[in-house]
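K.L.:
model this:
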Amino acid sequence: MPSKIIIYTDGGASGNPGPGGYGAVLMSGNHRKELSQGYQLTTNNRMELLAVIVALEALKIAGSEVEIYTDSKYVADAVEKGWVFGWEKKSFKDKKNPDLWKRFLKCYRSHKVKFHWVKGHANIPGNERADFLAVQAYKQSNLLIDQGYVDSQNCTESNLL
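P.N.:
Model prediction:
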């Protein structure tokens with residue numbers, strides 16, 4: 001049986017909305033993997049959620065036992081307090097980020113996931129590393145377009161360049 005997977009995630013935006021990025025640190029036994037990406041225009045909540053999604057999608061064994069540590073109350077509470085399941089029943093009506101929540105639920109249901117909220121910038125090594133990765137990601141020059149955000153805001157390409 002595979003060992004438990006520990007994941008630290010963080011996301012942020014410079015301005016909200018603004019350039020943003022996510023970072024994730026995945027650890028299991030002696031294995032460690034870091035993931036990050038930056039986007040031209042997005043929000044901090046989208047990046048917090050996308051960090052979790054990308055980390056879960058990176059897992060190769062279905063049914064893995066996963067502990068996710070995040071400093072995002074938005075993400076942790078939505079799942080641990082069951083709000084996202086109510087939003088899903090109402091087809092995410094009037095909720096932000098439905099594209100990401102739907103994507104999240106698909107990968108969330110493939111594993112046994114437990115969320116833990118941690119205070120940000122509290123010298124928790126995994127969280128500090130995920131934060132560093134997120135910030136470095138949006139400072140890069142090869143930023144992607146967060147199509148879900150752009151579509152929801154009716155942005156044009158000229159707004160992004």
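K.L.:
drop to CA atoms for contacts and neighbour counts, all remaining ones
P.N.:
Noted.
K.L.:
quick one: the helices in this protein?
P.N.:
Using DSSP state H, the helices of the chain run over residues 44-57, 73-80, 83-89, 98-108, 125-138, 147-153, 157-160.
K.L.:
Can you check which of those helices gets nearest to Gln37?
P.N.:
Across the helices of the chain, Gln37 has its closest neighbour in helix 125-138 (5.1 Å, CA to CA).
K.L.:
Would you mind getting the angle between that closest one and helix 44-57?
P.N.:
If you take axes from the mean of the first three to the mean of the last three CA atoms, to 10 degrees, helix 125-138 sits at 110 degrees to helix 44-57.
K.L.:
what about dumping the CA coordinates of helix 125-138 to CSV?
P.N.:
Extracted in CSV, the C-alpha atoms of helix 125-138 (Å, rounded to 0.1, in the frame of the first residue of the first chain):
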residue,chain,number,x,y,z
PRO,A,125,8.3,25.0,5.8
GLY,A,126,5.9,23.3,3.3
ASN,A,127,3.6,26.3,3.2
GLU,A,128,6.5,28.7,2.9
ARG,A,129,7.9,26.7,0.0
ALA,A,130,4.5,26.6,-1.8
ASP,A,131,4.2,30.4,-1.3
PHE,A,132,7.7,30.9,-2.7
LEU,A,133,6.8,28.8,-5.8
ALA,A,134,3.5,30.7,-6.3
VAL,A,135,5.2,34.1,-6.2
GLN,A,136,8.1,33.1,-8.4
ALA,A,137,5.6,31.6,-10.9
TYR,A,138,3.8,34.9,-11.5
